[in-house]
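[1] Quick one: sequence and predicted model below, then my questions.
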Protein chains: 2
Amino acid sequence: MIKTKNSDSLADKLAQLYKGISEIIKQFQPEVLSIEEAFYGKNVKTALLMGHVRGVAMVAGRHAELEVHEYAARKIKSAVTGNGAADKQQVLFMVKRLLKLKEDPVTMDASDALAIAICHGLNYKLAKLGT
Amino acid sequence: MIKTKNSDSLADKLAQLYKGISEIIKQFQPEVLSIEEAFYGKNVKTALLMGHVRGVAMVAGRHAELEVHEYAARKIKSAVTGNGAADKQQVLFMVKRLLKLKEDPVTMDASDALAIAICHGLNYKLAKLGT
């Protein structure tokens, strides 16, 4: 998890986010960055802030020459639980089961992130089968 | 102006934006990047997309070790025209006058960008007087 200080400016927080993501990419050498498609909620302020964070994450991914894939929340939930409207607990339950984890992911956000990875893995396999 | 292709993915467009801004910074060697504070309109989708763009612009600025300043639209208009509710034509008129430009800025967006620079210049001068 990348933590920033409340007292930092938005620009500094975003730069820290970029640095944090770049370091994680360097450490784990993934080939793909998968990200949940932004949810168009009702709150304009939240959407705007989320946009900043997503934009920076995506650029950090492209700069590390990763493929960047976006998946809708419904698709992610459906890939992991078979139910596009599954709640976070169901997602966590299936993530743990599919990945044979002995303990719960540290946070719900971590569980969601693993779900997105599983979703991409499945889509990638299906795409390969199709060729 | 940085142009991207409609057919490119969002991640690729953002990477092009980052590259374009970085090149402009390298060419003109500014010390500061000033950006209009995001406007909380009604359209969540627009706000989200605008967030991506702003986030990437701010990170490109920080990566080039520029100060990043944000100014509210009202403050920018007020600095240039004396009227926080001025329209774009008034802003263009005063930008042209203050900068002694012989021709109109190429686009309204360029006029707005110059207005933001003037606003920062004024604020910076005032801040210096205060110390």
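    Looks like it came in fine.
[2] For chain B, give me its nearest residue in chain A.
    A:Gly51 (1.9 Å; C-beta to the nearest C-beta). All C-beta spots, glycine's among them, are computed from the backbone N, C-alpha and C.
[3] tell me the secondary structure for the spatially closest residue to that residue that is not a sequence neighbour?
    Leaving aside its chain neighbours, A:Gly51 sits nearest to B:Gly51 (1.9 Å; criterion: C-beta to C-beta, 6 or more residues apart in numbering or on different chains). Under DSSP: H, G, I helix; E, B strand; the rest coil, B:Gly51 falls in the helix class.
[4] if we can go back for a sec, number of residues surrounding the residue of chain A closest to chain B?
    25 (other C-beta atoms under 10 Å in any protein chain shown).
[5] which residues does it contact?
    By C-beta atoms under 8 Å, 6 or more residues apart in numbering or on different chains, the residues touching A:Gly51 are A:38, B:47-55.
[6] Equivalent analysis for A:Ile2, please.
    A:Ile2 touches A:16-17, A:20-21, counting by C-beta under 8 Å, 6+ apart.
[7] quick check, A:Lys68 in a strand?
    Small correction: residue A:68 is Val, not Lys. Yes: with three-state DSSP as the criterion, A:Val68 is part of a strand.
[8] is it true that it touches A:Met58?
    Yes: here A:Val68 lies in contact with A:Met58, judged by C-beta atoms under 8 Å, at a distance of 5.3 Å.
[9] between those two, which one's more packed in?
    Neighbour count, other C-beta under 10 Å: between A:Val68 and A:Met58, A:Met58 has more, with 27 against 20.
[10] Now do that one, the pLDDT please.
    Looking at A:Met58, its pLDDT reads 98.
[11] Could you dump the contacts of A:Gly51 into a markdown table with distance to A:Lys26 added?
    Below are these laid out as a markdown table (distance: C-beta to C-beta, whole Å):
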| residue | distance to A:Lys26 |
| --- | --- |
| A:Ala38 | 26 |
| B:Ala47 | 32 |
| B:Leu48 | 28 |
| B:Leu49 | 29 |
| B:Met50 | 30 |
| B:Gly51 | 26 |
| B:His52 | 23 |
| B:Val53 | 26 |
| B:Arg54 | 26 |
| B:Gly55 | 21 |
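[12] pLDDT-wise, what's the bottom of the residues you listed?
    Lowest confidence among the contacts of A:Gly51: A:Ala38, with 83.
[13] Now A:Ile25. Nearest residue, chain neighbours left out?
    Spatial nearest neighbour of A:Ile25, chain neighbours left out: A:Ala64 (4.5 Å); criterion: C-beta to C-beta, 6+ apart.
[14] Domain-wise, how is chain A divided?
    Domain ranges of chain A: A:10-71, A:73-131, per automatic domain parsing.
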